[in-house]
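Q: Below is the structure, and that's it, no one-letter string:
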């Protein structure tokens, strides 16, 4: 597909600075872009490629201050660029509706319309699958689980019994939903397992990455709210309640019974202890360890984590120790001299 | 099922303060409990719900000091409550004995009595499966592996060749047992792989969560001792020996050849370096990084980890730097004045 | 198999100090070795077993300074020992070439010679599989993926569409390759998914452990270079480029678009932020958090990570605070006295 820069600007509702007749044949990241290719700058780190990129044109923010031969200014360059991907790249090839004969589907299961069920899929008793859902091969659905409509479940996902997956969810390969929570009590005679008889509710529009583990609740449900997105290798322990439109980056983990309110952003490898509340709109920097409740709209950092500015001051304090030593040494010398004088 | 509070007290061997005739129709967590429901307080954090909960009655510890309309005092409220779950909730629906015709079972495999083998299970040459075990669908058992009796293996588990799983073990979905240890040597001509020809021994009564990775030993075995419990997404490297009745919370990892003695408790996202010994009964706080041997019955915290009180003092020291600066500034002023005076 | 120590020395090109006629019947780790068994010392931590081991002989480095009845001195004891494993231990039993009738293979797939395809393997449209490759049971290969020759893919691996796996790669169970990168944009109306239409290229001689997650690129490819080795539970985010002959230990993670140059060594539970460059030959200590570019051949440690010596000085500074307090207290007393005197 080929577009003029003018056509591109119309699609992304941007304003051109440069040649509206420039021909765009493809899109690329700025460091790899070739003549004819459109790229973008959203993260200022990539401004360093401005002088070397062969890109034909760039999508940039309205207040972008650098010069380039052809610019298209837009509200959100990242978003604008993402809307163009489908025009230049073949999209993910999804299978057409149909049920592979090797799938094992319980007679009591209820299947929606226009669904795809791949080879070796196991659908247990009383499972329901909504319309237009796609279940890739080798997936497992435990008894009485409910899968919404327009859901995509990738290969080798395991969903235990009595879990609920909302409409438009997408769950990547290897993820496990509904495994037993880690509930044990040390007793006089050894260790006793606490039955884990709750479930998991994943609300609509949730995406969960690869190889995550979402445990079922003990009595009630573990819940992931509408529109929340999880990256890969994330642990969500039993009884956790995650609100709507949260982001969790890779390898983060949330211990049991913690509540995460709406709009929270959690970076990679963060750990959040159990029985806490993380307030609405809070942000947690990578590798932080959260051991106390987090107030709403607070940015946390560190191990143990503190409010960001407090954590930074602490780091600055640590880095001021050599200066303190120096000043202490000076004072000691001065005192010695003073004592000799008096 | 409906019970009087008197009946409940008899079941959990507790003593009532309140109305023995109160009717209990269900159980719930304290913050969600409704009239007729029994709840409990084990963690003091939940005492804050005392004034708002609609619970009919609470299981509490013998020395619980707050007041509530109906209390049942017991030795261990967490344990007592857990024993009631099976009375009020439908238990996990396990499949009945039987072998799905789609399972691929080698002729040389030896299968016990009254076992369940789900769809698409792969049982390789010389595998043995003990009586009453349950192998969910899409699981894989490599050649010569030995699975004990009353074992539960959930969907999509992979067990490599020559691994041993003891009686009464439970292994959750996505977990991998017996993958090659991470053994390579840099040589003049590149990187050489060290053959990993040992095995894995999981002793009886072990539970392993979802998406864990337990590597096989190089020569000898990686061992997980009797009664030990692992949460999700845990890494156990080659040649590790874990003792009996240990707990490992989610996303913790143990590097190669380390020995963990009996009764150790490891919190979430802890990393333990290789070739170390963690002594009996030690406890390691969340996200700690263990880089040295840990003496028995020691509580460790921090990165790098230290004995807990030492780590706390260090944190307190860091937080005293602003005070040190203040005092240093005062001294500097005073010295300046003194010098002018003398 | 039985060897004299002289034969062993010839195999590993070592020099004997002791009895060349000593009979070696097996190999073992030093702490478990019995009479007749050969062991080795590569890590000095294991020297402590010298006085108690029953080993018949030891492989040691040329400059090893301790005494033992029978030593064989070699260039690299770890490597020398690893080359003996195949002589004393039965090697991993790989299946013979053949295609299980339960495998679901698209007509458009192209299969090489002498390959093994296990039960329930799913091979989608246009997939190519090279000669002598081994695909264990329950693996999934998405449309248009290309698998090289002499590749080993263990059970329950998921490879999405349009991913390329080079010759001689080995991918352990539960690993996911080609899942969508974590690309979303917050917009006025909610969260918009950025299409992830790039691929993954795994070059030749790469080994990837169990339960890793390697995301596909957004436009271009996520790349893992020739000879690189990944341990278990590792996250490689979208658009990451990893060079040749790198090592990544368990549970480490690399955020989006970061470049790792050749020969980098990353220890366990390390996190590397997005859009960074880690220079050639750099080494990163366990649990470090990398938030800035790392110069070549630099050893990094800490959270946030710094050059190793700088990080160590910082730790030493923190541990000097009690001394600073002591000295400050002394000065305060002295000043008080001085003020009284003047």
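A: Structure's in. What do you need? Bear in mind that the values here come from a model prediction, so they are computed numbers and not experimental data.
Q: who's in contact with residue A:4?
A: With contact taken as C-beta atoms under 8 Å, 6 or more residues apart in numbering or on different chains, residue A:4 is in contact with A:20-24. Backbone N, C-alpha and C define where each C-beta goes, glycine included.
Q: By neighbour count, which of the residues you listed wins?
A: Among those, residue A:24 has the most neighbours (other C-beta atoms under 10 Å in any protein chain shown), with 24 neighbours.
Q: before we move on, the earlier item: adding pLDDT, secondary structure and distance to residue B:254, write the contacts of residue A:4 out as JSON lines.
A: Formatted as JSON lines, these follow (pLDDT from 0 to 100; DSSP: H, G, I helix; E, B strand; the rest coil; distance: C-beta to C-beta, whole Å):
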{"residue": "A:20", "pLDDT": "96", "secondary structure": "coil", "distance to residue B:254": "61"}
{"residue": "A:21", "pLDDT": "96", "secondary structure": "coil", "distance to residue B:254": "62"}
{"residue": "A:22", "pLDDT": "96", "secondary structure": "coil", "distance to residue B:254": "57"}
{"residue": "A:23", "pLDDT": "96", "secondary structure": "strand", "distance to residue B:254": "57"}
{"residue": "A:24", "pLDDT": "96", "secondary structure": "strand", "distance to residue B:254": "52"}
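Q: Any chance of these in CSV with distance to chain C as columns?
A: What follows is the contacts of residue A:4, written out as CSV (distance: C-beta to the nearest C-beta, whole Å):
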residue, distance to chain C
A:20, 24
A:21, 24
A:22, 20
A:23, 19
A:24, 14
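Q: Quick check on residue A:8: phi, psi?
A: phi -60, psi -50 (degrees, to the nearest 10).
Q: shouldn't it be in contact with residue A:70?
A: No: using C-beta atoms under 8 Å, residue A:8 is not in contact with residue A:70; the gap is 9.9 Å.
Q: Any chance you could list residues touching both of these two?
A: Between them, residue A:8 and residue A:70 share these contacting residues under C-beta under 8 Å, 6+ apart: residue A:57.
Q: In terms of neighbours, single out the busier of these two.
A: Using other C-beta under 10 Å as the criterion, residue A:8 and residue A:70 rank with residue A:8 on top: 24 against 18.
Q: which residues touch the more buried one?
A: Contacts for residue A:8 were tallied using C-beta under 8 Å, 6+ apart; they are A:14, A:24, A:38, A:57, A:72, A:84.
Q: Could you rerun that using 6 Å?
A: If you count contacts by C-beta atoms under 6 Å, 6 or more residues apart in numbering or on different chains, residue A:8 has them with residue A:24.
Q: ditto for the one 10 residues further on
A: Going by C-beta under 6 Å, 6+ apart, residue A:18 touches A:69-71.
Q: The residues you listed: which ones sit near chain C?
A: Here nothing survives when these are matched to chain C using C-beta under 6 Å from any C-beta of the partner chain.
Q: Please produce TSV containing the residues you listed, extended by pLDDT.
A: Below are those laid out as TSV (pLDDT from 0 to 100):
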residue	pLDDT
A:69	95
A:70	97
A:71	97
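Q: now, which of those residues sits nearest residue B:323?
A: residue A:71 (52.8 Å; C-beta to C-beta).
Q: correct me, but that closest one touches residue A:60?
A: Yes: counting by C-beta atoms under 6 Å, residue A:60 is a contact partner of residue A:71 at 5.4 Å.
Q: bridging residues for the residue in the stretch 1-150 of chain A that chain B sits nearest to?
A: Nearest to chain B, among the residues of the stretch 1-150 of chain A, is residue A:140, at 3.7 Å (C-beta to the nearest C-beta). The partner list for residue A:140 in beta bridges (DSSP bridges) reads residue A:122, residue A:158.
Q: need the contact list for it.
A: Residues in contact with residue A:140, defined by C-beta under 6 Å, 6+ apart, are A:122, A:158, B:137-138, B:155.
Q: Nearest to chain C among the residues you listed?
A: Scanning those for proximity to chain C, where the rule is C-beta to the nearest C-beta, the winner is residue B:138, at 5.6 Å.
Q: Close to chain B: what parts of the stretch 201-342 of chain A are there?
A: Residues of the stretch 201-342 of chain A lying close to chain B by C-beta under 6 Å from any C-beta are A:211, A:213, A:235, A:253, A:255, A:271, A:275, A:289, A:303, A:317, A:327, A:331, A:334, A:338, A:341-342.
Q: would a markdown table of the contacts of residue A:18 with secondary structure and distance to residue C:265 be doable?
A: Formatted as a markdown table, those follow (DSSP: H, G, I helix; E, B strand; the rest coil; distance: C-beta to C-beta, whole Å):
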| residue | secondary structure | distance to residue C:265 |
| --- | --- | --- |
| A:69 | coil | 42 |
| A:70 | coil | 43 |
| A:71 | strand | 42 |
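Q: Return the residues of chain A in contact with chain C.
A: Within reach of chain C by C-beta under 6 Å from any C-beta, chain A has these residues: A:45, A:78-79, A:82, A:85-86, A:89, A:93, A:119-120, A:137-138, A:155-156, A:172-174, A:210-211, A:227, A:229, A:231-233, A:245, A:250-251, A:268-269, A:286-287, A:321, A:328, A:331, A:335, A:338, A:342.
Q: Take those residues and keep only those in strands.
A: Those of the residues of chain A next to chain C mapping onto strands are residue A:229, per DSSP state E.
Q: so where is the stretch 201-342 of chain A shaky, pLDDT-wise?
A: The stretch 201-342 of chain A contains residues with pLDDT under 70 at A:342.
Q: returning to what we had before: now the buried members of the residues of the stretch 201-342 of chain A next to chain B.
A: Buried members of those, scored by 16 or more other C-beta atoms under 10 Å in any protein chain shown, are A:211, A:213, A:235, A:253, A:255, A:271, A:289, A:303, A:317, A:327, A:331, A:334, A:338.
Q: The second one contacts residue A:235, doesn't it?
A: Which is residue A:213. Yes: using C-beta under 6 Å, residue A:213 is in contact with residue A:235, at 5.4 Å.
Q: what's the overlap in contacts for those two?
A: Joint contacts of residue A:213 and residue A:235 (C-beta under 6 Å, 6+ apart) are B:232-233.
Q: dump the residue contacts of the closest residue to residue A:268 other than its chain neighbours.
A: Among residues not flanking residue A:268 along the chain, residue A:249 sits closest, at 4.1 Å (C-beta to C-beta, 6 or more residues apart in numbering or on different chains). Going by C-beta under 6 Å, 6+ apart, residue A:249 touches A:231, A:267-268.
Q: Same question for residue A:275.
A: A:257, B:45.
Q: Could you do the one 10 residues further on as well?
A: Under the criterion of C-beta under 6 Å, 6+ apart, the neighbours of residue A:285 are A:267, A:301.
Q: If we use 10 Å, what do you get?
A: Neighbouring residues of residue A:285 by C-beta atoms under 10 Å, 6 or more residues apart in numbering or on different chains: A:265-268, A:270, A:299-302, A:305, A:308, A:311, C:273, C:289, C:291, C:304.
Q: if you look at those residues, which of them are in strands?
A: Using DSSP E, the members of the contacts of residue A:285 that fall in strands are A:265-266, A:299-302, A:305, C:289.
Q: Redo those as TSV? Include distance to residue B:53.
A: Output for the ones in strands among the contacts of residue A:285, formatted as TSV (distance: C-beta to C-beta, whole Å):
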residue	distance to residue B:53
A:265	32
A:266	30
A:299	33
A:300	30
A:301	35
A:302	35
A:305	30
C:289	41
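Q: ok, so of these, who is nearest residue B:144?
A: For these, the nearest to residue B:144 is residue C:289 (42.3 Å; C-beta to C-beta).
Q: got the contact list for that closest one?
A: Going by C-beta under 10 Å, 6+ apart, residue C:289 touches A:268-269, A:285-288, A:303, B:303, C:269-273, C:300, C:302-305.
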